[in-house]
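1. mind looking at a prediction? Sequence and model below.
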Amino acid sequence: MASQPISMPSIAGTADLKPSGQTSSQPKPCCVCKEEKAARDECMLFSNAKDPQKDCATTIEKYKTCMAGFGFQLP
């Protein structure tokens, strides 16, 4: 008995969403502002204040400003 190759049906929605030949010029959010994010996280995690968000407001704003520079809007 000869084995025959199995053909898989095409599943809609699994195609690459980028048009062929084009690459996105905008980086992924995880790949930018790494230093600002690390400083924000460290401040929030190790703050001894009752309200770490208020205590770290300056660091949080620096991170938001950096992300906005790459086109990402944070709440």
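-> All right, it came through fine.

2. relative to Thr59, how far out is Ala38?
-> 10 Å (C-beta to C-beta, to the nearest Å). For glycine as for every other residue, the C-beta is placed from the backbone atoms N, C-alpha and C.

3. and the two? which has more neighbours close in?
-> Thr59 (18 against 11; other C-beta atoms under 10 Å).

4. and that one, what does it touch?
-> Glu36, Ala39, Arg40, Cys43 (C-beta atoms under 8 Å, 6 or more residues apart in numbering).

5. export those to JSON lines and tack on distance to Lys28 and pLDDT?
-> Output for the contacts of Thr59, formatted as JSON lines (distance: C-beta to C-beta, whole Å; pLDDT from 0 to 100):
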{"residue": "Glu36", "distance to Lys28": "16", "pLDDT": "97"}
{"residue": "Ala39", "distance to Lys28": "20", "pLDDT": "98"}
{"residue": "Arg40", "distance to Lys28": "18", "pLDDT": "97"}
{"residue": "Cys43", "distance to Lys28": "24", "pLDDT": "97"}
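
6. closest to Gly71 out of those residues?
-> Glu36 (15.4 Å; C-beta to C-beta).

7. give me the number of residues near the residue lying closest to Gln26 once chain neighbours are set aside?
-> Excluding the flanking residues, the one nearest Gln26 by C-beta to C-beta, 6 or more residues apart in numbering is Gly71, at 5.9 Å. If you count neighbours by other C-beta under 10 Å, Gly71 ends up with 10.

8. what about Gly71, which SS state?
-> For Gly71, the assignment made with DSSP: H, G, I helix; E, B strand; the rest coil gives coil.

9. roughly how far does it sit from Glu61?
-> If you go by C-beta to C-beta, the gap between Gly71 and Glu61 works out to 17 Å.
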